[in-house]
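K.L.:
Give me a model of this one.
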Amino acid sequence: MRPVVYLVDDNEAFRRSTAWLLEAADFSVRDYPGAREFLVALDRANGNAAGEACIVSDIRMPGMSGVELHDELRKRECTLPIVFITAHGDVPLAVEAMRKGASDFLEKPFSEERLVHAIRGALEQHQEAPARSPDADRKLATLTPRERQVMELVVAGKLNKLVADELGISIKTVELHRANMMNKLGVRNLPDLVRLTMGQP
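P.N.:
Numbering: from 1, shown residues only. Presented below is the predicted three-dimensional model:
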């Protein structure tokens, strides 16, 4: 049985194109124009999702946001893994959602491969909750105090200019520290960095 992706987004064109590419990647897709519509469908199924399943939701939607949907699912003790789609301005929201248990987030624009990888990762993570990785702690210990400061501000969703202003250094210096920090930690993007700071391998 193919894994099911519950796609929640108020943009119909995005839902159609994304559903098509996910079907081509061997997922079964059920799409909803909003969080409330998805919750109604979940209620009709008595809170039981179909087999192996994952939610992909926009973080900012009219009516009920993706974050509010996630909070509601947690209240209902629904453990479906969720991957958020976000614009850069919503990164702090997405980071906070990951701290509350969301599996991943993708900044627009993202590739088809990145989306499929995030969904498969969320499904695997859901099968077995990982313990805190000693490897993550070892990598974090290699950072200089300044690199750690830069990392904490980047994880908070701040752009390089804001990091520079807050630390009283140039943007070029921030870029250098950021590149060194990402290289030492072996991460390529912000979601991977957030996962590592949370102790995930």
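
K.L.:
So, low pLDDT: which residues of this protein?
P.N.:
46-51, 88-89, 126-133, 200-201 (pLDDT under 70).

K.L.:
now the strands for it?
P.N.:
Under the criterion DSSP state E, the chain contains strands at 4-8, 28-32, 53-58, 82-86, 104-107.

K.L.:
now for the third one, which elements pack on it?
P.N.:
In terms of contacts (3 or more CB pairs under 8 Å, 6 or more residues apart in numbering; DSSP states H and E), strand 53-58 is packed against strand 4-8, helix 35-44, helix 66-75, strand 82-86, helix 112-127. The way it works is simple: take the backbone N, C-alpha and C, and place the C-beta from them, glycine included.

K.L.:
Highest mean neighbour count out of these?
P.N.:
strand 82-86 (a mean of 25; mean count of other CB atoms under 10 Å).

K.L.:
Mind giving me the packing neighbours of that strand?
P.N.:
Using 3+ CB pairs under 8 Å, 6+ apart, strand 82-86 is in contact with strand 53-58, helix 66-75, helix 91-99, strand 104-107, helix 112-127.

K.L.:
And the ones you listed: which comes nearest K172?
P.N.:
Among those, the nearest to K172 by CB to CB is helix 91-99 (22.2 Å).

K.L.:
Could I have the CA atoms of the closest one written out in PDB?
P.N.:
This file holds the C-alpha atoms of helix 91-99, laid out as PDB (Å, rounded to 0.1, in the frame of the first residue of the first chain):
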ATOM      1  CA  VAL A  91      11.100  30.600   9.400                       C
ATOM      2  CA  PRO A  92      10.900  31.400  13.100                       C
ATOM      3  CA  LEU A  93       7.400  29.900  13.200                       C
ATOM      4  CA  ALA A  94       8.600  26.800  11.400                       C
ATOM      5  CA  VAL A  95      11.600  26.400  13.800                       C
ATOM      6  CA  GLU A  96       9.300  26.700  16.800                       C
ATOM      7  CA  ALA A  97       7.000  24.100  15.200                       C
ATOM      8  CA  MET A  98       9.900  21.700  14.800                       C
ATOM      9  CA  ARG A  99      10.700  22.200  18.500                       C
END
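
K.L.:
and the angle for it with strand 53-58?
P.N.:
With axes from the mean of the first three to the mean of the last three CA atoms, to 10 degrees as the basis, helix 91-99 and strand 53-58 are set at 160 degrees to each other.

K.L.:
Switch the strands of the chain over to CSV; also include distance to R178.
P.N.:
Below are those laid out as CSV (distance: least, CB to CB, whole Å):
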stretch, distance to R178
strand 4-8, 32
strand 28-32, 36
strand 53-58, 27
strand 82-86, 20
strand 104-107, 16
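
K.L.:
Which of those strands sits closest to D135?
P.N.:
strand 104-107 (19.0 Å).

K.L.:
Mind listing the strands the closest one pairs with, and their directions?
P.N.:
strand 82-86 (parallel) (DSSP bridges).

K.L.:
Now do the strand it pairs with against helix 66-75, angle only.
P.N.:
Interaxial angle, strand 82-86 versus helix 66-75 (the same axes, to 10 degrees): 170 degrees.
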